[in-house]
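**Student:** Sharing a sequence plus its predicted fold:
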Amino acid sequence: PATTEIYTLSLHDALPIFDQIAEEFDFKNRYNITFHQKTESRLKITSAMGLLFDAKTGILTISYTDTDPELAMRILIKIVDLLELRFKNLTMEKILNKKIFLEERLDQVNKELRIAQDKLIDFQIKYEIVDVISSTDTTTDGTSTEIVFSQYLPRSERHEITSNYFNLERDRQILGKIYELLMQQYETVKIEEMDDTRIFQIIEYPEVPEIKSGPNRAKICIIVTTTVLLFAIFVSFIAEYIGRLKKDPEESKKLEEIRESIGF
């Protein structure tokens with residue numbers, strides 16, 4: 001079955017992307033950042049950027065908000081391009097690490113296989129083993145194997161030599177199968193290394209918006225109008241209260257003393 005690999009990008013991995021964005025689009029002069037330029041630029045990007053990930057479809061939606069719609073589009077395109085490059089590097093890094101591991105294992109298993117083969121050959125020469133004959137027993141549906149020696153050996157000796165021979169042969173076969181499996185995986189990794197298919201697929205590129213997302217002008221007008229009205233009412237109350245105080249000589253004197261004490 002096909003498997004989908006999910007790569008995660010931590011905040012530490014994203015910081016170099018933010019720094020590159022801030023430098024390329026000159027955040028320092030564009031937003032008049034004078035102190036803590038790197039930190040303030042990163043905060044500016046994180047506050048303007050929105051991320052929404054759908055676990056069911058595996059789709060990541062990225063947005064960027066700015067008063068300049070064309071700038072927001074260009075920044076967002078650059079962010080997506082840098083993310084695509086980062087995910088590609090993560091994939092290649094994993095493939096290269098796997099390739100290195102397989103190369104080391106192939107070299108090690110190949111050495112062990114040669115040692116096992118040499119041991120088997122030396123054993124055959126030492127005990128003058130000429131041939132190994134396998135035959136099928138039709139009565140028991142089994143297979144029997146017989147070792148042919150060039151010299152006569154007692155039955156007890158032949159039994160021990162045969163047992164040792166099959167142990168050596170078993171080790172050689174196991175190492176041979178391991179080597180074959182590793183070689184298959186190694187060839188698969190080499191194909192993956194040459195594959196330029198992107199695991200980070202861009203479904204839709206951003207465009208310059210024709211309608212701004214906010215703030216809502218109608219809401220701003222209502223809020224400003226309400227604020228001005230309340231302020232006007234407050235000022236009128238204060239003016240009326242001061243007018244009453246002026247009409248009362250005693251209160252007017254107190255008000256004058258308060259003005260003098262505060263230097264107003």
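**Tutor:** Done, it's in.
**Student:** From here on, just use CA atoms for contacts and neighbour counts.
**Tutor:** Will do.
**Student:** Quick check: residue 176 touching residue 113?
**Tutor:** Yes. Assessed by CA atoms under 8 Å, residue 176 is found in contact with residue 113 at 6.6 Å.
**Student:** any idea of the mean pLDDT for the lengthiest helix in the chain?
**Tutor:** Criterion DSSP state H: the longest helix present in the chain is helix 69-126. Throughout helix 69-126, pLDDT has a mean value of 88.
**Student:** Check which helices and strands it sits against.
**Tutor:** For helix 69-126, the elements it packs on are helix 11-24, strand 59-64, helix 155-194, judged by 3 or more CA pairs under 8 Å, 6 or more residues apart in numbering; DSSP states H and E.
**Student:** now that helix, how far from the centre of its chain.
**Tutor:** Averaged C-alpha coordinates place helix 69-126 at 17 Å from its chain's average position (CA atoms, centre = their mean, to the nearest Å).
**Student:** same deal with stretch 45-60?
**Tutor:** Using CA atoms, centre = their mean, the offset of stretch 45-60 from its chain centre is 14 Å.
**Student:** Also stretch 229-236?
**Tutor:** Using CA atoms, centre = their mean, the offset of stretch 229-236 from its chain centre is 56 Å.
**Student:** which SS state does residue 32 fall under?
**Tutor:** Three-state assignment for residue 32 (DSSP: H, G, I helix; E, B strand; the rest coil): coil.
**Student:** I'd guess residue 130 is in a strand, am I close?
**Tutor:** Yes. Residue 130: assigned to a strand according to three-state DSSP.
**Student:** right, and it touches residue 150 too?
**Tutor:** Yes. Counting by CA under 8 Å, residue 130 does reach residue 150; the two are 6.0 Å apart.
**Student:** and these two? which has more neighbours close in?
**Tutor:** residue 130 (13 against 10; other CA atoms under 10 Å).
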